[in-house]
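Asks: What follows is a predicted structure for the sequence shown.
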Amino acid sequence: MSEISRRMFFGAFSAAGLAPAFPSLVLAQDQAAPSPPNVQAPALFGFDDVVKRAHDLASVPFDARSPELPEAVAKLDFDAWREIRFRPDKALLGNLGGPFRLHTFHLGHVYKTPVTVNIIRDRIVTPIAYSASLFDYGPTKFDKPLPVNLGFAGFRLHYPLNRPDVFDEVIAFLGASYFRFLGRHQHYGISARAIAIGSGNDPEEFPFFREFWIVTPEAGADHATIFGLMDGPSTTGAYRFDLYPGPETFIEITASLFPRRPIQRLGIAPLTSMFFIGENDKRFSDDVRPELHDSDGVLIHSSTGEWIWRPLRNPTKPETSAFLDKDVRGFGLLQRDRTFEHY
């Protein structure tokens, strides 16, 4: 059974002897049926609850400890980890006929901090338990069964982005507070982050998402809603992501931050890319490829309507560039050079 369903919820009540009692068929019809036990209804959950959790979490010291992973998982290298793939036939979120499907990422390689992933239906939360049946392990093998509370490294959503009969990956959350998403006919390049702390010349801090909640989309839904609880030494945060996929995919992000201590360098809506060598950087490299980068410049649309292009470099020492604007219209990292022979 690939979906987490209400049958599992009520089945757990029955197994525990908490199912409503019914009168026996052999009793007289005028005999009063026994009263059902007083079972408390599940609490309804929404973004306000994530905000409260972030607020409460900020009131206690940051706990850097992470649950110890089974040795076999902790030692997975990149090649062994990437062989573990979520099985498409186990995809979640489709039980209401909505257009999104949920896959999780397995722990391993550099992804050693377990993340709790939940599904919300009718404002009731159901955690996704780890199960070996969710994954195709390929040549990667484990000698012992892994625990159901193992957790995940992250998750991704699939959507019929390019064809109506194919569920393509549209957004992924994997590692720290990183996430990335796609528009139609696009390929992954840069990544976004929920927050940046100490970027530039300072030692950088990387807060991370401890837990996610994904709202089950209804049939015909045009967007997906994701809640995230972020934690780190300097701040906690509650995030809401409303994803609207299409030819141009949009995300509306709502965030509430609760600092534990003063933050000197705080980045909102940060972007992360890679630049090693390129046509604007003459630094020596013994690589046979003339250019190596995911982006080659920063494009800024200023409040006055001016378009500013700043080529990327790879200096020998860290450098910081600042562009001041009162009401910037937009900014982003781009791969402007699309000529294959240049690479």
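Replies: Yep, that arrived. Numbers count the residues shown, from 1 in each chain.
Asks: Quick check: F323 is in a strand.
Replies: No - in this structure, F323 is coil, not part of a strand, as judged by DSSP: H, G, I helix; E, B strand; the rest coil.
Asks: and it, what does it touch?
Replies: Residues near F323 by CB atoms under 8 Å, 6 or more residues apart in numbering: 300, 308, 310. All C-beta spots, glycine's among them, are computed from the backbone N, C-alpha and C.
Asks: Parallel or antiparallel, which strands does the helix or strand where the second one lies pair with?
Replies: With the criterion set as DSSP states H and E, the secondary-structure element containing I308 is strand 307-311. Sheet partners assigned to strand 307-311 using DSSP bridges are listed as strand 297-301 (antiparallel).
Asks: I'd like the average pLDDT over the strand it pairs with.
Replies: Across strand 297-301, pLDDT averages out at 95.
Asks: Pass me the low-pLDDT residue ranges in the chain, would you?
Replies: Along the chain, the parts satisfying pLDDT under 70 run over 1-42, 282-284.
Asks: quick one, phi/psi of V51?
Replies: phi -60, psi -40 (degrees, to the nearest 10).
Asks: Give me the distance between it and H103.
Replies: Relative to H103, V51 is positioned 27 Å away (criterion: CB to CB, to the nearest Å).
Asks: Could you check which of the two has the larger neighbour count?
Replies: Legend: neighbour count by other CB atoms under 10 Å for V51 and H103, higher for H103 (23 against 20).
Asks: surely that one meets F86?
Replies: Yes - at 3.9 Å, H103 and F86 qualify as touching, with contact defined as CB atoms under 8 Å.
Asks: all helices of the stretch 151-300 of the chain, in order?
Replies: Under the criterion DSSP state H, counting those that start in this stretch, the stretch 151-300 of the chain contains no helices.
Asks: those strands in it, which residues are they?
Replies: For the stretch 151-300 of the chain, applying DSSP state E, counting those that start in this stretch gives strands covering 154-159, 168-174, 178-181, 191-193, 196-197, 208-215, 224-231, 235-244, 250-259, 266-267, 271-272, 275-277, 292-293, 297-301.
Asks: Throw the contacts of F323 into CSV and include distance to D122 and neighbour count, thanks.
Replies: Formatted as CSV, the contacts of F323 follow (distance: CB to CB, whole Å; neighbours: other CB atoms under 10 Å):
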residue, distance to D122, neighbour count
I300, 43, 16
I308, 48, 14
R310, 48, 12
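Asks: Just give me the neighbour total for E291.
Replies: E291 has 18 nearby residues by other CB under 10 Å.
Asks: For the closest residue in space to D287 that isn't next to it in sequence, list the residues it contacts.
Replies: Of all residues not flanking D287 in the chain, I277 sits nearest, at 6.8 Å (CB to CB, 6 or more residues apart in numbering). Contact analysis of I277 by CB under 8 Å, 6+ apart lists 283, 285, 287, 289-293, 314.
Asks: residues contacting the closest residue to S131 other than its chain neighbours?
Replies: Spatial nearest neighbour of S131, chain neighbours left out: V148 (6.8 Å); criterion: CB to CB, 6+ apart. When contacts are counted by CB under 8 Å, 6+ apart, V148 touches 129-131.
Asks: Apply 10 Å and report the result again.
Replies: Residues near V148 by CB atoms under 10 Å, 6 or more residues apart in numbering: 127, 129-132.
Asks: In helices, which of the residues you listed appear?
Replies: Among the contacts of V148, the subset assigned to helices under DSSP state H is empty.
Asks: buried subset of those residues?
Replies: Taking 16 or more other CB atoms under 10 Å as the criterion, what is buried in the contacts of V148 is Y130.
Asks: For the contacts of V148, give me TSV that also has distance to R82.
Replies: Formatted as TSV, these follow (distance: CB to CB, whole Å):
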residue	distance to R82
P127	26
A129	23
Y130	18
S131	20
A132	17
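Asks: Closest one of the contacts of V148 to S59?
Replies: P127 (24.2 Å; CB to CB).
Asks: tell me which residues form a beta bridge with the closest one?
Replies: Here P127, judged by DSSP bridges, has bridge partners N118.
Asks: Domain-wise, how is the protein divided?
Replies: Following automatic domain parsing, one gets these domains for the chain: 47-271, 273-343.
Asks: Of those, which stretch is the most buried?
Replies: Compared across the domains of the chain, domain 47-271 shows the largest average neighbour count, a mean of 16 (mean count of other CB atoms under 10 Å).
Asks: what about that domain, how long is it end to end?
Replies: End-to-end distance of domain 47-271 (CA to CA, to the nearest Å): 25 Å.
Asks: what do you get for stretch 255-271?
Replies: OK, stretch 255-271 end separation, CA to CA: 16 Å.
Asks: Give me the distance between the nearest residue to P145 once chain neighbours are set aside and H187.
Replies: Excluding its sequence neighbours, the residue lying closest to P145 (CB to CB, 6+ apart) is A132, at 6.7 Å. According to CB to CB, A132 and H187 sit 31 Å apart.
Asks: ok, the residue lying closest to H293 once chain neighbours are set aside to P127 distance?
Replies: Excluding its sequence neighbours, the residue lying closest to H293 (CB to CB, 6+ apart) is F275, at 4.1 Å. Distance of F275 to P127, given as CB to CB: 39 Å.
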